[in-house]
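K.L.:
give me the fold of what follows.
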Amino acid sequence: MCYSTAVRCSSALALLALALTGGACTTEVVTAEGAPVAAPSKDPAEECAAGTMPSLESSACGAVGPSSCALGFATSESGWGCSAVTSAAACAGAASATLGDASCVALDDCNAAFPPPGATVVTDDASLAAALANARAGSTIALDSGTYAGFEVPRDLSIVGRCASKVILKGGGQRGVFVTDVKKVSLRSLTIEGFTAGIVASWGAEVTATKIIVRNAQLGITSGEAKVHVSKSVLEATGKSGSALNAQQGGALVFEDGEIRGYTTVSSAYDKGTELALRRSVARYEGNTPSATLFMTFSDAHNLVDESAVLFRGAVLALTGRDLPGIEATAGAKGGHLEMKRSTVRQSGVELDRPLSKIIEGGRVTWDETTLEHQSVSAVMTGDAGSLLTSKGSVIRGLAPNNGMRNAIWALRGGLAEVDGTAIVNAQENALVSANEGSRLQVTRSLVSETLPGMSMTDPEFGAAGIGLLVMDGATATFDSSAIVYSRNLAVLAAQNGQLAMSKSIVDFTRVGPEMNGGSAVASFDARVTIDGSFVRKSQDAALVFVGGDGIVKHTRFVGNPVGVHLGEAHIVDAPADPSTAAPGELVFFANVFEGTELMVRDAPYEAPPFR
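P.N.:
Numbering: from 1, shown residues only. The predicted structure follows:
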């Protein structure tokens, strides 16, 4: 039975009395100064459109995720984040995918004026070798249609082809074009095919390249202690493993307004001071290779993906750490930093049994206004002390639920994840996880929506779990000014000495799982939980489950939950003043409001989920 009027009660005994009669309960405590300490008084919005979330500051929905889509992107069909406007499939030949155009665009114009004024024209290997040997610094060599061997550029020169599809450097040697030592070289309208490395710049060289096709080179473009800028170009690998962009030893490499297709690694950056950037480009990988890792960043290097689209099937998105596999970093080196800004990442078509992004050895990954859609067991894992994920204004969305799991963020073994202004949508099994001693998850102004039940964490008694936030095994989590809505089992679970601090947050509409299990908003099993100034509404079972451990719940409003508190191996203490500590087995209440609660306290065993 649910009374239409609130019943005021000032003690835990009154709560227990209501367990026998049913009713709604309001507890109110006055501070020493005489001013009431109030729970949230406004009802947040019950339904919010995609791209928005409820808030305790307003009855209207507020934006969450990217503030806007970059040029060449549009709001995704789901309404969550942005998607690239580009060709549906990889382009071929001398055509390139571009952002903002759904068709493939010709890379070069074979009818353009040729040769450039004052250029030395060559037609075969012999005339090219002579021109390279005799050309003065600053002059131009023009390659007419034909096939040529690779070459080293001996001084400051401009090398220009008639057009990329008609001028081909072909061979099986080490390098297609090699530029070393302090010199400035420009390359235009060439295809470089079949070499171990397409373009290599080292030891002080500065290279600019445009309208270049690099095909089937194990290393597409490499910068080592050099500066390389590539634009309006295509790097393509067909059926071979390789790395498109490579920078090390403090080198700088920028690839912009182009397409990278078929490479098992899009970019690899290594060594302190190294800067690698993919800008306004499309990167695709349609294969399914267990060893494929698209972005590799190590040993203090910085790897930037800016306003780009990364579209792939069976590959890992990122590995970020200190030591390049097989190569020990220099003494004192820190982990690398992968930064993704205003970009889209979509992994689909293959169910991955490994994390999409792995951060270890003090590595860092930053997602800034980036949309990530995936079918992996977890979008990202911070895997040890010092490893860090920062997600700001982004979207992490699970695709195509399956019989496994589709988690969003794991902070494990001492790793740290900082989540701000981010929407986590359609995760499966667990959306956010903080586990193991020293791990930390910090969530601010973010949304966890529609976490679905998975099948990898299930048993016959408890059923399938769909948990919005899980903190366990000595880890910590803070959840501030955020919301968890429509979880299918439990919205929040703290267990096994996990520590949760929730403040100014919303937990709405927690549903039972497919086996009619769960349905409670916040559950604590032998953990430490603090809930302050929050709002819990219309769970299908209990607002709170408390079994062992200790907890403080204050200034919080509970609306329309069938059961207020499910107790097991614990008791409620009604504090006379704002509490800061609780003894083992105590759930301390202060200044809370219960409305529309049919059974205030249910004291009975509670079947815990099968912890991983």
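K.L.:
residues contacting the residue lying closest to Ile192 once chain neighbours are set aside?
P.N.:
Nearest residue to Ile192, sequence neighbours excluded (CB to CB, 6 or more residues apart in numbering): Gly176, at 3.6 Å. From N, CA and C alone the C-beta is placed, and that goes for glycine too. Contact analysis of Gly176 by CB atoms under 8 Å, 6 or more residues apart in numbering lists 150, 169, 192-193, 195, 197-199, 214, 217.
K.L.:
same check, this time on Ser481
P.N.:
The contact partners of Ser481, by CB under 8 Å, 6+ apart, come to 55-56, 444-445, 503-505.
K.L.:
what about Trp80, how many residues close to it?
P.N.:
Residues near Trp80, counting by other CB atoms under 10 Å, number 24.
K.L.:
which phi and psi does it have?
P.N.:
Dihedral pair for Trp80: phi -100, psi 110, per degrees, to the nearest 10.
K.L.:
what of Arg397?
P.N.:
Dihedral pair for Arg397: phi -130, psi 130, per degrees, to the nearest 10.
K.L.:
about what we covered before: now the residue nearest to Ile192, what's its secondary structure?
P.N.:
What DSSP: H, G, I helix; E, B strand; the rest coil gives for Gly176 is strand.
K.L.:
which SS class is Leu128?
P.N.:
In three-state terms, and counting by three-state DSSP, Leu128 is helix.
K.L.:
separation between Leu470 and Ser434?
P.N.:
From Leu470 across to Ser434, the span is 7 Å (CB to CB, to the nearest Å).
K.L.:
and the strands in the stretch 1-150 of the chain, which stretches?
P.N.:
Along the stretch 1-150 of the chain, counting by DSSP state E, counting those that start in this stretch, strands occupy 6-8, 24-26, 52-55, 58-63, 73-75, 82-84, 95-98, 101-106, 120-122, 139-143, 146-148.
K.L.:
mind listing what the last one pairs with, with the direction of each?
P.N.:
For strand 146-148, sheet partners with direction are given as strand 167-170 (parallel), following DSSP bridges.
K.L.:
any chance of the contacts of Gly176 in CSV with neighbour count as columns?
P.N.:
Formatted as CSV, the contacts of Gly176 follow (neighbours: other CB atoms under 10 Å):
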residue, neighbour count
Gly150, 23
Leu169, 25
Ile192, 30
Glu193, 19
Phe195, 27
Ala197, 23
Gly198, 30
Ile199, 31
Val214, 30
Ala217, 27
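K.L.:
in TSV: the residues you listed, plus pLDDT.
P.N.:
Formatted as TSV, the contacts of Gly176 follow (pLDDT from 0 to 100):
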residue	pLDDT
Gly150	97
Leu169	98
Ile192	98
Glu193	97
Phe195	96
Ala197	97
Gly198	98
Ile199	98
Val214	98
Ala217	96
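K.L.:
any regions of the protein where pLDDT drops low?
P.N.:
Scanning the chain with the threshold set as pLDDT under 70 gives 1-37, 325-332, 401-404, 455-464, 515, 607-612.
K.L.:
okay, helices next: where are they in it?
P.N.:
Here the chain has its helices, by DSSP state H, at 12-21, 125-134.
K.L.:
okay, the angle between the last one and strand 139-143?
P.N.:
Going back to what we said before, that points to helix 125-134. If you take axes from the mean of the first three to the mean of the last three CA atoms, to 10 degrees, helix 125-134 sits at 170 degrees to strand 139-143.
K.L.:
what comes up buried for helix 125-134?
P.N.:
Residues of helix 125-134 classed as buried: 127-128, 131-132 (neighbour count, 16 or more other CB atoms under 10 Å).
K.L.:
can I get these in CSV with distance to Tyr270?
P.N.:
Listed next are the buried residues of helix 125-134 as CSV, based on distance: CB to CB, whole Å:
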residue, distance to Tyr270
Ser127, 39
Leu128, 33
Ala131, 35
Leu132, 31
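K.L.:
for stretch 574-594, buried residues please.
P.N.:
574-575, 579, 582, 585-594.
K.L.:
what's the answer for stretch 368-375, then?
P.N.:
Within stretch 368-375, the residues that count as buried by 16+ other CB under 10 Å are 368-375.
K.L.:
ok, back up a step: can you list the strands of the stretch 1-150 of the chain in TSV and add distance to Ala333 and mean neighbour count?
P.N.:
What follows is the strands of the stretch 1-150 of the chain, written out as TSV (distance: least, CB to CB, whole Å; neighbours: other CB atoms under 10 Å):
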stretch	distance to Ala333	mean neighbour count
strand 6-8	61	14
strand 24-26	58	21
strand 52-55	40	23
strand 58-63	39	14
strand 73-75	35	18
strand 82-84	34	23
strand 95-98	36	24
strand 101-106	41	14
strand 120-122	45	18
strand 139-143	41	21
strand 146-148	40	17
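K.L.:
pretty sure Val182 is touching Ser202, no?
P.N.:
No. Between Val182 and Ser202 there is no contact under CB atoms under 8 Å: 10.8 Å.
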